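>>> model the structure of this input:
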Amino acid sequence: GGGARGVLTRLRGSLSGDLKGGGGVADDLEDIHEANPLDDRSVHYPPVERALQAVYYRLGLACATRPLHVLTASLLLVLLCCSGLAWFRVETDPHMLWVGPGSLAARAKASYDASFGPFYRITQLLVATAPGPGGAPGGRRSILTRETIEVLFDMHAAIDALEARMEDDGGRRTRDGIGIGVNVGDDSARNGPGVGVDGRHASDGGVTVRLTDVCFKPFGGACATQSLAQYWAMDRAKYEAAMAPGGKATPEYCFDRWFVECRSDYGAPVDPKIVLGGFPSDPSRFRNYTADSTTFVVTLPLSSDPTLAAKAAAWEAALVQLAKGPLREMATAANLTVSFSTERSVQDELARESTSDAATVAFSYLAMLLYIALALGSLPRPGRPLEVLVLSRASLGLGGVAIVAASVAGALGLVSAGGLWCTLIIMEVIPFLVLAVGVDNMFVLAHALQRQSPGPLPERVASALATVGPSITLAAACEAAAFALGYALAPMPAVRNFSLTAALAVVLDFALQVTAFVSLLTLDTARLEARRVDCAPCWVLPATLRLWRGRKRDAPQPFECREAP
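As a prediction, this is how the structure comes out:
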């Protein structure tokens, strides 16, 4: 314990001496001379730029003199901004993302909903023949065969037997927070009675949801399912009777006329253009539905009643699992393909995309950290490999990347605290956008410090910030103003929220760059000049280590090894 305190005391005293005078390394460092712009009266600066230089000189002096205080204040500011993440929400509803509340489309939908009620939720299956030789256009054979219609009835039987189980807690949870289980009647043959595809009993608690509980029922108790099977009222026995010798309601018979014998189970006629697909739209190429149809189009309208929304979403999630498993197996066995979509499919995909790029973002930040550490540092001289322990600036790069990440998190917190939601675009684009801006400022500040004339470190840092501060301010102001204009002028909610978040992230990044990063740069430069090991400043390399700074014409470039004169 006493030894550790002694090391920390010596480290603090050494860093304090480095910050005050930069002494002890004057023989090893020959800095490139560049006059302080505040003292060079031969150069005429506009009044605004000279005023900004004076402000940034004082700011840089304060950050370099009290770096720990500045870093603490910056951390508190970031934590305060991030507290708004308690209200963080990612919006995946397409209506909320792309339709402005005052737009014509929004007003038209509101008028329709008020007059007729919200439009029902659409779930659709497309069962098509696989590509291959056949008589139908496009190289696909006709789907209207006895075998494929039997497969369609098998699929409807599986869908009718499908059960989705909503759970208040425990179990698996869907992306909208609804726990679901799936039970399909045919699974009892291999899992046991009442056991679903998830291996659990349908009676294991929760609310069981079936198609009849959530489907759209315009004329009584039957679901308004749109399918070829509706020509026989979704009854396999009626289909078998129609296809027997002497049967009347064959597919060709029902296609030609809307006969009473071909009415659906909910009492409405069935249009072949609705339940079949793949036939040519050009009348001159169309022969008949039997010869040219290659797809069964199955549409399952679900109720739009808000009280049934959670149940409908749970059943849709269960149907997706069914379509990916048993239904696809049925189709493959019959040389068919099956595609599907539900009302929640777009939201599920948006939710998946919002998290799928997390690894890409993390890898990009790691790669940028490595690049910063290599570009800001220098390679060791031949025969002195230990110099890399000091010349590396990985800790400075880590601090700079952390500042960029803190800017993004703080902007998200401020937006969330203001009651706005975030979007997929915000999660994917803004981290890279702010990273690019922040890295530029890191190089500008670090290289400006290297060009300063010899002197106490705080004065060199202040002069460097005064030199590049106005240009950094102008660039950040232009970027923030551009995004602010997007928020003010764009009517689309997703674009407005993205623009506001980007503007706040740029402003926060700029504020932290000219304060927190300047303090980090001061501490890292003091460490470098004191020959302390990067990421482990308690260790000091021997005095035989020489850190070079050639004259401007001899200044070493990144990755260039040069012997000191």
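
>>> look up how far Val507 lies from the closest residue to Gln53 other than its chain neighbours.
Take Gln53 and drop its neighbours on the chain: the residue closest to it by Cβ to Cβ, 6 or more residues apart in numbering is Ala466, 4.4 Å away. In short, each C-beta sits where N, CA and C put it, glycine included. According to Cβ to Cβ, to the nearest Å, Ala466 and Val507 sit 21 Å apart.

>>> out of the two, which sits in the more crowded spot?
For the pair Ala466 and Val507, the greater number of neighbours falls to Ala466 (24 against 20), based on other Cβ atoms under 10 Å.

>>> mind checking which helix or strand that one is in?
helix 457-489 (DSSP states H and E).

>>> run the angle between the helix or strand hosting Val434 and helix 457-489 for me.
For Val434, the host element (DSSP H and E) is helix 424-450. On the basis of axes from the mean of the first three to the mean of the last three Cα atoms, to 10 degrees, helix 424-450 is oriented at 150 degrees to helix 457-489.

>>> quick one: list the elements packing against helix 424-450.
Applying 3 or more Cβ pairs under 8 Å, 6 or more residues apart in numbering; DSSP states H and E, one finds that helix 424-450 contacts helix 345-356, helix 358-376, helix 394-417, helix 457-489, helix 493-512, helix 518-529.

>>> which one of these lies nearest to Thr65?
Nearest to Thr65, of all those, is helix 457-489, at 5.1 Å by Cβ to Cβ.

>>> elements contacting the closest one?
helix 2-21, helix 47-65, helix 424-450, helix 493-512, helix 518-529.

>>> by mean pLDDT, which helix or strand of this structure comes out lowest?
Least confident element among the helices and strands of the chain, by mean pLDDT, DSSP states H and E: helix 188-191 (a mean of 36).

>>> could you point out the helix or strand that follows it?
strand 207-209.

>>> my read: Ile274 touches Val298, true?
No - here Ile274 lies out of contact with Val298, judged by Cβ atoms under 8 Å, at a distance of 10.3 Å.

>>> quick revisit: just put the helices and strands packed on helix 424-450 in CSV and tack on mean pLDDT and distance to Ser83.
Listed next are the helices and strands packed on helix 424-450 as CSV, based on pLDDT from 0 to 100; distance: least, Cβ to Cβ, whole Å:
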stretch, mean pLDDT, distance to Ser83
helix 345-356, 78, 22
helix 358-376, 79, 22
helix 394-417, 91, 6
helix 457-489, 93, 22
helix 493-512, 94, 14
helix 518-529, 91, 23
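
>>> tabulate the ones you listed in CSV, adding columns for distance to Leu449.
CSV is the format used below for those (distance: least, Cβ to Cβ, whole Å):
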stretch, distance to Leu449
helix 345-356, 39
helix 358-376, 10
helix 394-417, 11
helix 457-489, 4
helix 493-512, 17
helix 518-529, 6
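
>>> for Gly60, find the nearest of the ones you listed.
Among these, helix 457-489 comes nearest to Gly60, with 3.4 Å by Cβ to Cβ.

>>> if we can go back for a sec, would you mind measuring from the residue nearest to Gln53 to Val533?
According to Cβ to Cβ, Ala466 and Val533 sit 31 Å apart.

>>> where does this structure dip in pLDDT?
When residues are selected by pLDDT under 70, those of the chain lie in 1-44, 132-139, 167-205, 354-355, 377-387, 543-565.

>>> outline the domain layout of it.
Domains of the chain are assigned by automatic domain parsing as 17-96+365-554, 117-345.

>>> dump the ones you listed into CSV; add distance to Ala106 as well.
Below are the domains of the chain laid out as CSV (distance: least, Cβ to Cβ, whole Å):
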stretch, distance to Ala106
domain 17-96+365-554, 8
domain 117-345, 13
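
>>> about what we covered before: more neighbours, Ile274 and Val298?
The residue with more neighbours, out of Ile274 and Val298, is Val298; 23 against 13, by other Cβ under 10 Å.

>>> give me the secondary structure label for the more buried one.
strand (DSSP: H, G, I helix; E, B strand; the rest coil).

>>> ok, it to Ala291 distance?
According to Cβ to Cβ, Val298 and Ala291 sit 21 Å apart.

>>> next: Asn335.
Using Cβ to Cβ, Asn335 is found at 18 Å from Ala291.

>>> wait, doesn't Val127 sit right on Ala334?
No - Val127 is beyond contact range of Ala334, at 9.1 Å (criterion: Cβ under 8 Å).

>>> joint contacts of the two?
Common neighbours of Val127 and Ala334, using Cβ atoms under 8 Å, 6 or more residues apart in numbering, are Thr148, Val151.

>>> who's more crowded, these two?
For Val127 versus Ala334, the count of surrounding residues by other Cβ under 10 Å is larger for Val127: 26 against 19.

>>> give the partner strands of the host helix or strand of that one in its sheet and their orientations.
In the assignment (DSSP H and E), Val127 maps to strand 121-129. With DSSP bridges as the test, strand 121-129 is paired with strand 295-302 (antiparallel), strand 336-341 (antiparallel).

>>> out of those strands, nearest to Leu500?
strand 336-341 (32.2 Å).

>>> quick one, that closest one and helix 345-356 angle?
Angle of strand 336-341 versus helix 345-356, following the same axes, to 10 degrees, is 80 degrees.

>>> export strand 336-341 to PDB, keeping only CA atoms.
C-alpha atoms of strand 336-341 as PDB (Å, rounded to 0.1, in the frame of the first residue of the first chain):
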ATOM      1  CA  LEU A 336     -43.100 -25.600 -54.600                       C
ATOM      2  CA  THR A 337     -41.800 -22.500 -52.900                       C
ATOM      3  CA  VAL A 338     -43.500 -20.500 -50.200                       C
ATOM      4  CA  SER A 339     -43.000 -16.800 -49.400                       C
ATOM      5  CA  PHE A 340     -44.800 -14.800 -46.700                       C
ATOM      6  CA  SER A 341     -45.300 -11.500 -45.100                       C
END
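
>>> ok, residues contacting it?
Contacts of strand 336-341 with the rest of the structure, by Cβ under 8 Å, 6+ apart, involve 122-130, 143, 148, 151, 155, 319-320, 323, 327-328, 330-331.

>>> okay, strands next: where are they in the stretch 151-300 of the chain?
Taking DSSP state E, counting those that start in this stretch as the test, the strands found in the stretch 151-300 of the chain are 163-166, 182-183, 207-209, 276-277, 295-302.

>>> same list (those strands) but as CSV, adding distance to Gly60.
Output for those, formatted as CSV (distance: least, Cβ to Cβ, whole Å):
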stretch, distance to Gly60
strand 163-166, 60
strand 182-183, 63
strand 207-209, 64
strand 276-277, 69
strand 295-302, 63
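
>>> tell me the phi and psi of Leu144?
With angles defined as degrees, to the nearest 10, Leu144 sits at phi -90, psi 80.

>>> and the closest residue in space to it that isn't next to it in sequence, how many neighbours does it have?
Nearest-residue entry for Leu144: Thr290, 4.9 Å, with adjacent residues in sequence omitted and distances by Cβ to Cβ, 6+ apart. Neighbour count of Thr290, defined by other Cβ under 10 Å: 17.
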